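Peer 1: Would you be able to build a 3D model of this:
(3 chains)
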Amino acid sequence: MWKWLHPYAKTENAYQLCVTLQPWLWVSALVCLAVGTVWGLAFAPQDYQQGDSFRIIYIHVPSAILSMGTYVAMAIAALVGMVWQWRTAYMSMIAMAPVGAVMTFIALFTGAAWGKPMWGAWWVWDARLTSELILLFLYIGVIALYGAFEDKQQAGKAAGVMALVGVVNIPIIHYSVEWWNTLHQGATISKFDQPSIAPEMLWPLLISLLGFAFFIGAVTTIRLRSEIVRREMHRPWVQKLAHETSENS
Amino acid sequence: MNPLLLGIFKRDMQIAFQQKAELVQPLMFLLMVVTLFPLGVSPSPETLQRIGPGVIWIAAILSSLLGMERLFRDDFIDGSLEQYTLSGMSLPAVATVKVLAHWLVSFVPLLILSPLLAMFLNLSMDMFIALMFTLLIGTPLLSLIGAIAVGLTVGLARGGLLLALLLIPVFIPLLIFATSAVDSAALQLPYHPQLAIIGAMLLLAAAAAPFAIAYSLKVSQN
Amino acid sequence: MQFDSFSAFLEMGGYAFYVWLSFGVTFGVMILLVVLSFRQHKGLLKSVLKEQQRQVRIKEAREKSHASSAQ
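Peer 2: Got it, this is the predicted structure:
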């Protein structure tokens, strides 16, 4: 594992890896998203309680799960960068941040649009919506901290510390908000707590989840490439690369 | 205690008492924010009692953000922070001492001011006692976690607003548990579970934060 | 297919607005992110090229001034 991973600590190799991976990620993302969406929208059976409004689940749940997953991935990248002094780890962390923030936004927006017909209000201080909102704040904090530093090397390390502080806090925030929510509200949200989901509803959901994951991977690779170019501007291989792309276009 | 650390502690206390304005201004801010609520929401005693714990805690968090920068800013500017790093002293220990000094000068006055705030917001005696407990174990947590973010932003020209952006989401669990402890006290219910949770968070922070602060100070000095 | 007709599909059992709004905004935001990311990458490569050309020009100007001062 270590021997396999180690060469990618070098930026040039990491860049090449991104270039090779990218077409596969884009194709898988497009296929999975198309299949998941069409299946979910047109072929999955109706929910007996919520009718067709439940079809929002096929984008809401994947984006919500992956918004948290991306944050954890960021924290792992920050930890790897800190322990093994990998610059590429910090770069991939910061490449993930905007993608994760967009996922969080999608989860919040679709949650609101689902809440309106179900609860009668665009926004309720439901435990899950609230902790998702706080997650968005954490993402914004990391991105803002990274942007505030001139020296991007330093910026990566600082944003990494913040990502780790955030990841320690996510479970605490999650449980505190849940607990707060049960104190302050009755059981109005039982509609979302279905014990199980029918398999013909679950399959498109899983495919859609996979599609979102591939999408995050694909956007992260292109952003990681940008990050590498920005930091290695004066390296000969980057300058050669810039020449080649300008000749091709 | 190590004499060097004791020296840092004494020096920090002396400097804090020389700069009285910086000490008093966050407290005045706190008092004024609390004054705004009866004017803006409602002066009725029942409403004030209901929102009181939340108001005091929110005001305490906001006012602590104002003075937080002071933790490392002056030491960073005059170079003493670099001296600490180079001196061979353990940086986490230095950080702990500085956080302790910061807590003593910025939060102990808040504790002293809290009876007045409780009176303004019509808190009952039980609620006031619970509030004191939550402030007593909750504010060191503010100092410890705040110091990590201050360490990260100390080298930035305009770190103040960024500091608030980074810290407010992290303080949310503390706000939830602290206000709910006081609410429980209002209903004559036991509130030690909430205090225990805040205490657990404080212990976790006390164990981990000094190292995070030391690391972030190193990053800032780069 | 769960729906009897295409218009029933568009109607989404009366929830058309919410369902299509969610899906529209989701894919809109995702496409925006992709476009911005690619544009950023192209812009960066361009700025690398520009910076390089600037360095070459500086070098040339320096050599020229050297040559003229030597004469």
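Peer 1: for chain B, which spans come out with low pLDDT?
Peer 2: Applying pLDDT under 70 to chain B flags residues B:1.
Peer 1: can you count the residues close to residue 160?
Peer 2: Using chain A here. Burial of A:Gly160 is recorded as 29 neighbouring residues (other C-beta atoms under 10 Å in any protein chain shown). C-betas here are computed from N, CA, C, even on glycine.
Peer 1: Oops, wrong one, chain B.
Peer 2: Neighbours of B:Gly160 (other C-beta under 10 Å): 15.
Peer 1: Could you double-check that it sits in contact with B:Arg73?
Peer 2: No: under the criterion of C-beta atoms under 8 Å, B:Gly160 makes no contact with B:Arg73, lying 9.8 Å away.
Peer 1: what residue of chain B is the furthest out?
Peer 2: Within chain B, the residue lying farthest from the chain centre (C-alpha atoms, centre = their mean) is B:Ser44, at 29.6 Å.
Peer 1: Run the chain-centre distance for the helix of greatest length in chain C.
Peer 2: Criterion DSSP state H: the longest helix present in chain C is helix C:16-70. Taking C-alpha atoms, centre = their mean, to the nearest Å, one finds the center of helix C:16-70 at 9 Å from the center of the full chain.
Peer 1: Same question for stretch A:43-55.
Peer 2: 26 Å.
Peer 1: Would you mind measuring the gap between the ends of that stretch?
Peer 2: 10 Å (C-alpha to C-alpha, to the nearest Å).
Peer 1: what mean pLDDT does it have?
Peer 2: In this model, stretch A:43-55 has a mean pLDDT of 76.
Peer 1: ok, back up a step: what are the phi and psi values at the residue farthest from the centre of chain B?
Peer 2: phi -70, psi 130 (degrees, to the nearest 10).
Peer 1: Please apply the same query to A:Gly51.
Peer 2: Per degrees, to the nearest 10, the backbone of A:Gly51 is at phi 60, psi -140.
Peer 1: same deal with B:Thr179?
Peer 2: Dihedral angles phi and psi of B:Thr179 (degrees, to the nearest 10) take the values phi -70, psi -30.
Peer 1: how about it, what does it touch?
Peer 2: Counting by C-beta atoms under 8 Å, 6 or more residues apart in numbering or on different chains, B:Thr179 makes contact with B:Pro53, B:Gly54, B:Trp57.
Peer 1: Likewise for B:Thr153?
Peer 2: When contacts are counted by C-beta under 8 Å, 6+ apart, B:Thr153 touches A:Leu145, A:Ala148, B:Glu69, B:Gly159, B:Leu162, B:Leu163, B:Leu166, B:Ser220.
Peer 1: count of neighbours near C:Ser47?
Peer 2: By other C-beta under 10 Å, neighbour count at C:Ser47 equals 14.
Peer 1: tell me, how many neighbours does the nearest residue to it once chain neighbours are set aside end up with?
Peer 2: Nearest residue to C:Ser47 in three dimensions, chain neighbours excluded: A:Met233, at 8.0 Å (C-beta to C-beta, 6 or more residues apart in numbering or on different chains). Per other C-beta under 10 Å, the neighbour tally for A:Met233 reads 15.
Peer 1: Repeat that for C:Val56.
Peer 2: Neighbours around C:Val56, by other C-beta under 10 Å: 10.
Peer 1: now swap in the one 5 residues further on and tell me
Peer 2: The local packing of C:Ala61 (other C-beta under 10 Å) involves 10 other residues.
Peer 1: In terms of helices and strands, where is B:Ala214?
Peer 2: helix B:192-221 (DSSP states H and E).
Peer 1: roughly how far is that helix from the heart of the chain?
Peer 2: Chain-centre distance of helix B:192-221: 12 Å, with C-alpha atoms, centre = their mean.
Peer 1: Need the residues that contact the helix or strand of chain C with the lowest mean pLDDT.
Peer 2: Here the helix or strand of chain C ranked lowest by mean pLDDT, DSSP states H and E is helix C:6-11, holding a mean of 78. Applying C-beta under 8 Å, 6+ apart, the contact partners of helix C:6-11 are A:Leu41, A:Ala42, C:Phe3, C:Ala16, C:Trp20.
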